[in-house]
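Q: sequence first, predicted model second:
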Amino acid sequence: MRQNYYYFERMGTYFIIVTCRNSEQNIEAVLTSLKNQTLKPAYVIVIDDGSTDKTSEILKKIQANWNNLYIITNPDFGYNIGRVVSNWNKAIKLVQELNLKETDYHMISTDDTIYEENYAEKIVSYMDGDTKIAIASGNYNDVTAKSPHGAGRFIRNSFFVSNYGSYPEKMGYESAILHMAKRCGYTYTVLNLLGLIISGNLELIINFMNSVQVCVL
């Protein structure tokens with residue numbers, strides 16, 4: 001155990017941004033997956049984009065036993081995928097407002113994806129070993145991607161802060177940050193790691209929750 005402690009202490013740090021809306025079926029499994037990572041996040045910020053179901057109630061219950069979980073709750077303006085990026089920026093702004101710990105990376109996640117328990121450990125270890133990698137992710141649902149996209153992306157904060165500071169709130173934002181990485185002499189990669197999309201798959205959610213023991217942070 002002591003050897004593992006020093007191993008993780010030498011690794012880069014990260015925080016997680018999770019966006020959700022009407023996620024009462026998935027959100028507990030999603031956050032359990034993140035909380036149970038072998039390399040723990042410094043903190044997790046969830047943006048509830050106006051849920052009208054029991055998502056808010058579930059989040060408050062989870063937060064009561066998780067000191068490093070922060071929740072931003074938006075009014076209900078209806079579903080709009082275009083708000084995803086502005087919600088990421090709200091999370092980044094909260095880090096600044098609360099003077100939360102600076103980290104080496106941040107991870108983008110969603111309300112419908114769970115991860116292998118060493119997902120973060122493997123990506124951070126890989127990025128620690130190559131400082132020219134600005135963005136990295138795994139795959140999900142056995143779909144092999146050519147570049148990082150969707151949930152599970154890790155972004156190097158030194159690159160992000162010096163070139164953006166916040167995400168461009170426009171179409172093509174995923175491609176824009178990849179192009180900026182190339183322009184600035186960085187690169188990006190997709191590792192052979194797996195995230196599973198669980199939305200609507202009640203059997204998968206139940207099996208996952210029955211298989212894990214929630215870690216206390």
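A: That came through, no problem. Numbers count the residues shown, from 1 in each chain.
Q: any buried residues in the top helix by length along the chain, and which?
A: With secondary structure taken from DSSP state H, the chain has its longest helix at helix 83-97. For helix 83-97, the neighbour count (16 or more other CB atoms under 10 Å) marks 83-85, 87-92, 94-95 as buried. Backbone N, C-alpha and C define where each C-beta goes, glycine included.
Q: and for stretch 33-48?
A: Buried residues in stretch 33-48, counting neighbours by 16+ other CB under 10 Å, are found at 33-37, 39-48.
Q: need the contact partners of stretch 108-120.
A: For stretch 108-120, the surrounding residues in contact (CB atoms under 8 Å, 6 or more residues apart in numbering) are 14, 16-21, 23, 26-27, 29-30, 32-34, 36-39, 41, 88, 107, 138, 140, 150-155, 193-199, 208.
Q: just the terminal-to-terminal distance for that stretch.
A: With CA to CA, to the nearest Å applied, stretch 108-120 spans 11 Å between its terminal residues.
Q: do stretch 72-90 as well
A: Rule used - CA to CA; the end-to-end distance of stretch 72-90 is 8 Å.
Q: for stretch 16-30, same thing?
A: 12 Å.
Q: skipping adjacent residues, who's closest to Leu59 in space?
A: What sits nearest to Leu59 in space, not counting adjacent residues and going by CB to CB, 6 or more residues apart in numbering, is Ile71, at 5.3 Å.
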